[in-house]
Structures are given as structure tokens and as C-alpha cells.
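Participant: how would this look folded up:
(one chain, ligands or ions: 1)
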Amino acid sequence: MNTIQNKVVFITGGGHGIGLSLGKVFAGHGAKVVLADIDEERLNTAKALLAESGFDVETIVCDVAKAESVKSAADFTVERFGKVHIVINNAGVSLAGKPGSIPLEDWRWIVDINLMGVVYGVEVFVPLIRSHGEGGYIINTASMAGHIAGPSMSPYHATKYAVVGYSESIRQDLQAENIGVSVLCPAWVRTDIHNAGINKPSLAQQSASDKKAFDPGVSGFAAVIESGIAPDALAQWVYECMLAERFYIFSHPSMTQHIETRAGNIAADYSAIEEDGRFSEY
Ligand SMILES: NC(=O)c1ccc[n+]([C@@H]2O[C@H](COP(=O)([O-])OP(=O)(O)OC[C@H]3O[C@@H](n4cnc5c(N)ncnc54)[C@H](O)[C@@H]3O)[C@@H](O)[C@H]2O)c1
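Facilitator: Reported below is the predicted structural model:
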């Protein structure tokens, strides 16, 4: 894809953070943008902000954890703009906790949003992109947390590793159909992601004042997010990587060493079975 002028872009989690910045950047380069988010108030603020710049932007309330909600948002996009070319499956939440103490309802909540939300975006929109024959592009937001894992965030890592693997696979399936795929894998970006766990099901019965005392569950999480790169700067990089059809979109050069360490650990354990000699016929 060498231009996005007049292309239609659908972005989930578009009410805030990275999704909103992607909306700004893509609209700024001439695309027609639909921002989808579960939070209507955020969408209203986002729409007003983008309207100030004269951008062609629509918003739609959508819960990516529900396939029928994603389908309704897709219908809305086609009704409003006629077709869709680019889908950015970006909505996501964070969830911390130690194994053996994470409520299963919270596990299902993050899997339904971070993984199934991406799957629904692909299953609903790929047939629509196929139908107009003009080609298209899918960007799935994973994370650096989909390549290297630290402690106390296992649900988040599990979903983000899944999105990386899923994207690596569908990229090969969609290549021949002129539908490009990238997976966005940033490290720290200055957004509200550290507070997303406030909406986890196990806190649903808590009063608003108790929720105010919400603790993300990982020491220093808020500080590290607040020290991250600006979402507008990341969004511009994402736009450039999409035009260059770069599959992995990374943000923090300083993280390369962690990728190399992980690759080294895998190679070391691989060489153990090679050196041992058993299974050598396989
Ligand atoms: N901020 C970071 O450091 C960072 C790093 C790597 C990856 N990410 C990923 O970037 C994506 C965007 O997050 P962000 O950092 O902009 O956070 P954010 O919390 O600022 O924005 C996320 C948006 O997603 C929306 N959302 C949450 N659940 C939803 C649902 N069920 N349906 C539709 N919308 C929903 C929220 O209302 C919010 O507006 C996420 O997938 C996140 O995991 C963030």
C-alpha cells in the first residue's frame, strides 16, 4: 500500500492512547477514519478533538470482546464510508497477578479482549476487504510483552504472545490476496493502559471510591508507562512502517538485547537435544 489517501481505516481502542493517536495520524494523511471503543465518553472527546482539525472521522461504541458488536461496527463503517481498507485491532487491557491467585473470570476477560478481540476483527473484516478487490491492510497491536516476558503479568504476556503468533500465521495466509499484515510491538507508551485493570470483572462489585484506590498490581507499572514514548510519535512510526510493509513494528531500540537473550536461551536448549543425540533421526 503506497498511499492511504481516501482509504477507510477502522481502529479499535480508538477513544484513547495509541488508538486515538493512530486515528489522528491516519486522518492527517487523508484517510477516512472510524474510531471504535467501549467507552462512549472517550469517543466523544476523541471525535471533538479530531473534528477541530477538520478530519473525516466517525465513532462507534464497540466491545471487541463480543463478535456481534464488532460485526455491528463493521456494518456501520460500510454504511458510512462504503468500504473498509485498513483495520487496526488495537483495543487492549492489562492484568497483573501471581499464578494461583488470578480469578478465572479476569483471565477470560483479558483473553476475550486482547486475543479474541483481534480474532473477531480479522474474521469480520477480511471478507469485507476481500469483497472490493482493492487490497487492504491489518495491523494487530501486540506488545514487546509478546516477545519477552517478566513476572506478575502472565495474563497480559499470554495474550500478547498469542497475538504475535496469530499475526505471523495470518500474514502468510493473506499475502496472496493483497492484504498486508503487521504486528505492533511497542514497549512503554504514555497512555492509560496501567489503569485498564480497574474494569476487570472481579472488581465489578466494588464501589467507585474503592476503585479509586486501584493498584495495577505490578510495582512501578504506572511510573514506567508514564516515562514511555508519546503515542502520537509511535502512531507516525506505525504509519511509516505500514507503508514500508514492515511486519514487526518495534519502538524501543534498547529492548533488542532482551530479544537476543531470549533467542540465545532457546538456541541453548535446542543445542542440548542436538548434543544428547537421542531423537537424532527426527
Ligand atoms: N501503553 C503501552 O505501554 C503499551 C505497550 C505495548 C502495547 N500496548 C497495547 O496498545 C493497545 C492500546 O492501549 P493503550 O496503551 O493505548 O491504552 P489505553 O488504555 O490508553 O487505550 C486503550 C483503549 O481501549 C479501549 N478498550 C478497552 N477495552 C475495550 C473493549 N472491550 N472494546 C473496545 N475498546 C476497549 C479503552 O476504552 C481505551 O480507550 C493495547 O492493546 C495495549 O495492550 C500498550
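
Participant: Mind checking what helix or strand follows the helix or strand bottoming out on mean pLDDT in the chain in sequence?
Facilitator: Of all helical and strand segments in the chain, the minimum by mean pLDDT, DSSP states H and E falls on helix 208-212, at a mean of 79. Under the assignment DSSP states H and E, the closest C-terminal helix or strand after helix 208-212 is helix 221-226.

Participant: Get me the contact residues on the protein for the ligand.
Facilitator: For the chain, the residues found near the ligand under the criterion CB under 6 Å from any ligand atom are 12-13, 15-19, 37-39, 42, 62-65, 90-93, 113, 141, 143, 186, 188-189, 191-193, 196, 225, 228. Glycine gets a C-beta too; all of them are placed from N, C-alpha and C.

Participant: Among the residues you listed, which ones are in helices?
Facilitator: Judged by DSSP state H, the subset of the residues of the chain next to the ligand located in helices is 17-19, 42, 225.

Participant: In these, find the pair that's most separated.
Facilitator: R42 and I225 (17.3 Å; CB to CB).

Participant: Give me the contact list for stretch 150-159.
Facilitator: Here stretch 150-159 makes contact (CB atoms under 8 Å, 6 or more residues apart in numbering) with 92, 94-99, 102, 106-107, 110-111, 114-115, 143, 145-146, 149, 217-218.

Participant: Check which helices and strands whatever helix or strand L22 lives in sits against.
Facilitator: Assigning secondary structure by DSSP H and E places L22 in helix 17-28. In terms of contacts (3 or more CB pairs under 8 Å, 6 or more residues apart in numbering; DSSP states H and E), helix 17-28 is packed against strand 8-12, strand 32-37, helix 40-52, strand 86-89, helix 231-243.

Participant: relative to helix 40-52, how tilted is that helix?
Facilitator: 30 degrees (axes from the mean of the first three to the mean of the last three CA atoms, to 10 degrees).

Participant: From the chain's centre, how far out is helix 17-28? Work that out for me.
Facilitator: What separates the centre of helix 17-28 from the centre of its chain is 13 Å, taken as CA atoms, centre = their mean, to the nearest Å.

Participant: what's the average pLDDT for that helix?
Facilitator: What helix 17-28 shows for mean pLDDT is 98.

Participant: and the angle for that helix with helix 231-243?
Facilitator: Angle, helix 17-28 to helix 231-243, by the same axes, to 10 degrees: 60 degrees.

Participant: what sits up against helix 17-28?
Facilitator: Here helix 17-28 makes contact (CB under 8 Å, 6+ apart) with 4, 9, 11-14, 33, 35, 37, 42, 46, 49-50, 53, 55-57, 86, 88, 90-91, 141, 184, 186, 189, 191-193, 230-232, 234-236, 238-239.

Participant: Just the buried ones out of those, please.
Facilitator: Buried members of the contacts of helix 17-28, scored by 16 or more other CB atoms under 10 Å, are 4, 9, 11-14, 33, 35, 37, 42, 46, 50, 55-57, 86, 88, 90-91, 141, 184, 186, 189, 191, 193, 231, 234-236, 238-239.

Participant: before we move on, the earlier item: buried among the contacts of stretch 150-159? Need that as a selection in PyMOL.
Facilitator: Of the contacts of stretch 150-159, the buried ones can be selected in PyMOL as follows, counting by 16+ other CB under 10 Å:
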select buried, resi 92+94+95+96+97+102+106+107+110+111+114+115+143+145+146+217+218
